[in-house]
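Asker: Predicted model and sequence below, questions to follow.
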Amino acid sequence: MIRRNDEYKIDCRQNMRGGDGEVKIEHLWDCEQELKANNRLFAKMTFQPGSGIGFHNHDNEEEVFVIIKGQAEADDNGVKVILNPGDSILTADSAGHSIKCIGDEPLELLAVISCYN
């Protein structure tokens, strides 16, 4: 199955999980209808400078962010780190994280949330 760049379902969220600004979410695949694996999210996210997702925990699931473009500050379960294109972060069961665009250009990342059975 092929999906073109202009065919993604787009969702914009303000102050996501207590974060600042708006997060644009392009759902690459519908996890309930199109993917057979036990995923909750498979999307590209875009953050304008200063925007981010507030700190939150993941229970019975894990989330991977892969930085595509821009620079981020992530809180990896209490440890703050800077992430650049090509870097990734895994937040596993019972851990928490946040992420924020800290550069002058938008932050783009691939986000995948997989659930445990």
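Answerer: Perfect, I can see it now.

Asker: Contact partners for residue 112?
Answerer: By CB atoms under 8 Å, 6 or more residues apart in numbering, residue 112 lies in contact with 39, 41-42, 63-64. For glycine as for every other residue, the C-beta is placed from the backbone atoms N, C-alpha and C.

Asker: what do you get for residue 96?
Answerer: Applying CB under 8 Å, 6+ apart, the residues near residue 96 are 55-58, 75, 77-78.

Asker: Likewise for residue 113?
Answerer: Applying CB under 8 Å, 6+ apart, the residues near residue 113 are 39-41, 58, 61-63.

Asker: Number of residues surrounding residue 28?
Answerer: If you count neighbours by other CB atoms under 10 Å, residue 28 ends up with 20.

Asker: any idea how far it is from residue 43?
Answerer: 6 Å (CB to CB, to the nearest Å).

Asker: Stretch 47-65 spans what distance, first to last residue?
Answerer: Using CA to CA, to the nearest Å, one end of stretch 47-65 lies 13 Å from the other.

Asker: Right, I'll leave it there.
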